[in-house]
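[1] Curious how this folds, go ahead:
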Amino acid sequence: MAAKKPFALRIDEKLMQAVEKWAEDEFRSANGQIEWIIYEALKKSGRLPKQQSPDQPNSGN
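    Numbering: from 1, shown residues only. Next up is the predicted model:
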């Protein structure tokens, strides 16, 4: 499992509430949901590193 780098995030309260609700609906933590959103955006834009680690975000996170 790859190490995860801690990162402080300042985010609008209402935006965070929406992320938390979405995470709850998908049975993820808010942190896992944010990681999944970033992963999906990187994948969609073609900016995801070629060699993705096996612990990539998934629906069970």
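
[2] what are the phi and psi values for the closest residue to residue 37 other than its chain neighbours?
    By the measure of Cβ to Cβ, 6 or more residues apart in numbering, the closest residue to residue 37 outside its immediate chain neighbours is residue 19, 7.7 Å from it. Yep, even glycine has a C-beta here, placed from its N, CA and C like the rest. Backbone geometry at residue 19, expressed as degrees, to the nearest 10, gives phi -60, psi -40.

[3] OK, contacts around residue 19?
    If you count contacts by Cβ atoms under 8 Å, 6 or more residues apart in numbering, residue 19 has them with 11, 30, 33, 34, 37.

[4] Filter those down to just the ones in helices.
    With helices identified by DSSP state H, the entries of these that belong to them are 30, 33, 34, 37.

[5] Of the residues you listed, grab the buried ones for ChimeraX.
    The following ChimeraX selection, which keeps only the buried ones among the ones in helices among the contacts of residue 19, applies the criterion 16 or more other Cβ atoms under 10 Å:
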select :30,33,34
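
[6] Need the ones in helices among the contacts of residue 19 in TSV (columns: pLDDT).
    TSV is the format used below for those (pLDDT from 0 to 100):
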residue	pLDDT
30	97
33	98
34	97
37	97
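
[7] for the ones in helices among the contacts of residue 19, which one is nearest residue 47?
    Of all the ones in helices among the contacts of residue 19, residue 37 has the smallest distance to residue 47: 13.9 Å, by Cβ to Cβ.

[8] Can you give the distance of the helix or strand of the chain with the lowest mean pLDDT from its chain's centre?
    Across the helices and strands of the chain, mean pLDDT, DSSP states H and E gives its lowest value to helix 30-45, namely a mean of 96. The gap between the average C-alpha position of helix 30-45 and the chain average comes to 4 Å, counting by Cα atoms, centre = their mean, to the nearest Å.

[9] can you check stretch 13-21 too?
    Chain-centre distance of stretch 13-21: 14 Å, with Cα atoms, centre = their mean.
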